[in-house]
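[1] Build me a model:
(one chain, ligands or ions: 2)
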Amino acid sequence: MPVPRSCAVFLDRDGVLIEDVDYVRSMRQVHVVPGAPEAVARLNKAGLRVVVVSNQSGVARGYFSLRTLQRINAALKRRLREAGARLDGLYYCPHLPPAKGRKPCGCRKPGTGLVERARRRWGIDLSRSFFVGDSTTDLQTARNAGCKAVLVRTGKAGKDGRYRVRPDAACPDLPKAVDWILGVLHGS
Ligand SMILES: [Mg+2]
Ligand SMILES: [Zn+2]
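    Numbers count the residues shown, from 1 in each chain. Ligands and ions are numbered 1, 2, ... in the order given. As a prediction, the model looks like this:
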């Protein structure tokens with residue numbers, strides 16, 4: 001049974017696709033989570049949109065340049081391609097967290113600015129979509145956007161304690177999260 005093209009799986013980057021090291025600052029720190037590229041390929045094959053949504057305030061903090069961020073993202077895409085996987089979109093927020101006296105940027109998670117951008121671009125039905133992440137910020141983003149929230153126990157494993165959100169599913173890693181998502185969509 002084909003999945004409607006309006007279904008999407010949003011993925012956090014650090015702690016889901018690549019190992020979370022608290023600000024991935026250089027190419028040397030790009031370690032792909034085992035099985036993640038193959039899991040993305042399965043989503044592609046199932047006909048789901050796959051969109052990465054990532055907070056990268058390290059740019060605004062001066063930890064790394066936009067150019068470095070783009071090179072890290074390109075390396076990730078290359079690794080995905082080698083496994084026959086591809087992303088429909090990769091969005092990031094390079095801004096600082098909201099603070100007193102500073103206007104919020106509107107795209108940093110748990111804000112839904114980046115999810116909205118993808119929704120408009122591909123006509124995504126958020127109520128039939130999923131957000132997979134390793135932090136409670138990702139779970140809160142899912143809630144704010146009206147997607148199903150899927151926690152993976154790689155990376156921060158949901159232990160950052162920022163938001164009190166219960167996930168719709170908690171899975172050991174992205175491959176298992178994809179099993180769950182495809183099970184839901186195919187009604188098993
Ligand atoms: Mg993360
Ligand atoms: Zn932003």
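
[2] So which residues on the chain come close to ligand 2?
    Among all residues of the chain, those adjacent to ligand 2 (criterion: CB under 5 Å from the ion) are 93, 95, 105, 107, 108. Bear in mind the C-beta positions are built from the backbone N, C-alpha and C, glycine included.

[3] need the residues of this protein near ligand 1, please.
    By CB under 5 Å from the ion, the part of the chain that sits against ligand 1 consists of 12, 14, 15, 134, 135, 155.

[4] Give me the nearest residue to residue 49, chain neighbours excluded.
    With sequence-adjacent residues excluded and distances taken as CB to CB, 6 or more residues apart in numbering, residue 49 is closest to residue 8, at 3.8 Å.

[5] What's the local residue count around the one you found?
    26 (other CB atoms under 10 Å).

[6] Need phi/psi at the residue of the chain found nearest ligand 1.
    With CB to the ion, the shortest gap between the chain and ligand 1 falls at residue 15, namely 3.4 Å. Residue 15 has phi and psi values of phi 90, psi -10 when expressed as degrees, to the nearest 10.

[7] so who does it touch?
    Applying CB atoms under 8 Å, 6 or more residues apart in numbering, we find residue 15 in contact with 133, 134, 135, 152, 154, 155, 156.

[8] can you rerun that using 6 Å?
    Counting by CB atoms under 6 Å, 6 or more residues apart in numbering, residue 15 touches 134, 154, 155, 156.

[9] Surely the last one is in contact with residue 134?
    This means residue 156. Yes: with contact defined as CB atoms under 6 Å, residue 156 and residue 134 form a contacting pair (4.7 Å).
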